[in-house]
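Undergrad: Provided below are the primary sequence and the corresponding predicted coordinates.
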Amino acid sequence: MDKIVIASRESRLAMWQAEHIKARLQTLYPHLSVDILGMTTQGDQILDKTLSKIGGKGLFVKELEVALAEGRADLAVHSIKDVPMVLPEGFALAAICEREDPRDALVSARYADLSELPDGAVVGTSSLRRESQIRARYPRLVVKPLRGNVQTRLRKLDDGEFDAIILAAAGLKRLGLSERIRKELPPSESLPAAGQGALGIEIRADRADLMQLLAPLNHAATHSCVSAERALARELGGSCQVPLGAFATLNEGTLALGGFVASPDGSVMLTANASAPADYADALGRAVAKKLLDDGAGPLIEAVLADPR
């Protein structure tokens, strides 16, 4: 193999991610020619509706998968949190790369903490997961939907449409915008999405040659954490249509996983956690999901899906 093509969304952040993987591959394989195929997805095109109304984050990956299936690209680089918990038949994740900061970040010109915002202040977020946690902790705040790429969201904040917005810290840091972060929200305040901060490389499942080529990019610790998080979300049928978070840490071979399911208004918040050896990441995710189901997550999820926002 002397040439490969990476499929990527055309946003600045997605292209940064694709260029990052390109650079890593060319360091590993100096003879390899790597091109990037930029594409616009449905998720990028439809900006006047929340993701939960138009089909979820899978809209950011479908066109890239078509390029893989048709042979126009060899691999696709995704933010793992945008990848559906169950991949379409014929596709596989070849590698999960080392995680950047997994936390959510508060961005505001005037306020350094959500607790400082006055009653009625407007907070922007594209995520039901973030919204439910904000509403649970700060019911006096107004949460409004915020779509678009990172630059678009920052511009809306700067234009005064919001008093504060919540973004993924990883995206801001990758784009060199760390100075815009007023506070990195700890998981105890805003539990991240499954896989947040990690990059995944998707290929056709029949490409054993690429699986071997990409193996050095897989980061074992991140893979274990993300596998547990995705197993939890998968067991609950997780998507951006459900306020759901999952976050795992690895310490001396032991995975600790926490998860939650909530109502969009934050009035109901179910939480659970457990730990297990890293080799049992999938089983750990399923176990924490079972705890949530035992506490009533099933009817809560059904109610949320029956009344999409």
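TA: Noted; the coordinates are in hand.

Undergrad: Quick check: which ranges of the stretch 101-250 of the chain have low pLDDT?
TA: Applying pLDDT under 70 to the stretch 101-250 of the chain flags the ranges 238-240.

Undergrad: what are the ranges of the helices in it?
TA: 128-137, 150-158, 169-174, 208-214, 220-235 (DSSP state H, counting those that start in this stretch).

Undergrad: Could you list the buried residues of the third one?
TA: Spelled out, it's helix 169-174. Of all the residues in helix 169-174, those buried under the rule 16 or more other Cβ atoms under 10 Å are 169-174. Any C-beta I mention is one placed from the backbone N, CA and C, and that applies to glycine too.

Undergrad: ok, now the last one?
TA: By neighbour count with 16+ other Cβ under 10 Å, helix 220-235 contains the buried residues 221-235.

Undergrad: between those residues, which is nearest Glu189?
TA: Glu229 (17.8 Å; Cβ to Cβ).

Undergrad: so how far is His223 from the closest one?
TA: Separation of Glu229 from His223 (Cβ to Cβ, to the nearest Å) stands at 11 Å.

Undergrad: cool, Val242 as well?
TA: 24 Å.

Undergrad: Which of the helices of the stretch 101-250 of the chain sits closest to Ser11?
TA: Using Cβ to Cβ, the nearest of those to Ser11 is helix 150-158, at 7.6 Å.

Undergrad: all strands for the stretch 201-309 of the chain, in order.
TA: 244-251, 254-262, 269-277 (DSSP state E, counting those that start in this stretch).

Undergrad: The first one pairs with which strands?
TA: What it means is strand 244-251. Strand 244-251 pairs in its sheet with strand 254-262 (antiparallel), by DSSP bridges.

Undergrad: What residues of the strand it pairs with count as buried?
TA: 255-262.

Undergrad: Quickly check those for the two that are furthest apart.
TA: Between any two of the buried residues of strand 254-262 (Cβ to Cβ), the greatest distance is 23.0 Å, for Leu255 and Ala262.

Undergrad: is it true that Val77 lies in a helix?
TA: No - counting by DSSP: H, G, I helix; E, B strand; the rest coil, Val77 is not found in a helix; it is strand.

Undergrad: Against Glu229, how distant is it?
TA: 19 Å.

Undergrad: same question, Val142
TA: 30 Å.

Undergrad: List the contacts of the closest residue to Gly259 other than its chain neighbours.
TA: Using Cβ to Cβ, 6 or more residues apart in numbering and skipping the chain neighbours, the partner closest in space to Gly259 is Ala246 (4.4 Å). By Cβ atoms under 8 Å, 6 or more residues apart in numbering, Ala246 lies in contact with 191-194, 228-230, 232-233, 238, 257-259, 285, 288.

Undergrad: Could you look up the SS state of Val5?
TA: Using three-state DSSP, the structure places Val5 in strand.

Undergrad: change the start of the numbering to 99 and stick with it
TA: Sure thing, new numbering starts at 99, so read that last one as Val103.

Undergrad: Any idea what it is bridged to?
TA: Asp133.

Undergrad: Val132 versus that one, what's the distance?
TA: 8 Å.

Undergrad: Okay, buried residues for stretch 129-136 please.
TA: Within stretch 129-136, judged by 16+ other Cβ under 10 Å, the buried ones are 132, 134-135.

Undergrad: Would you mind listing the outside residues contacting it?
TA: Counting by Cβ under 8 Å, 6+ apart, 99-108, 113, 116-117, 120, 123-124, 165, 170-171 sit against stretch 129-136.

Undergrad: again, only using 6 Å
TA: Identification of contacts with stretch 129-136 by Cβ atoms under 6 Å, 6 or more residues apart in numbering yields 101-106, 108, 116, 120, 123-124, 171.

Undergrad: Looking at those, spot the one nearest Asp307.
TA: Distances from Asp307 to the contacts of stretch 129-136, taken by Cβ to Cβ, are shortest for Ile102, at 9.8 Å.

Undergrad: Wait, the closest one touches Arg170, no?
TA: No - the criterion here is Cβ atoms under 6 Å, and Ile102 misses it with Arg170 at 11.8 Å.

Undergrad: what about these two, which has more around it?
TA: Ile102 (20 against 13; other Cβ atoms under 10 Å).

Undergrad: Spit out the contact partners of that one.
TA: Per Cβ under 6 Å, 6+ apart, neighbours of Ile102: 132, 172.

Undergrad: ok so, going back, save the buried residues of strand 352-360 as CSV, and put in pLDDT and distance to Pro216 too.
TA: Listed next are those as CSV, based on pLDDT from 0 to 100; distance: Cβ to Cβ, whole Å:
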residue, pLDDT, distance to Pro216
Leu353, 98, 40
Ala354, 98, 36
Leu355, 98, 36
Gly356, 98, 31
Gly357, 98, 32
Phe358, 97, 27
Val359, 96, 30
Ala360, 95, 24
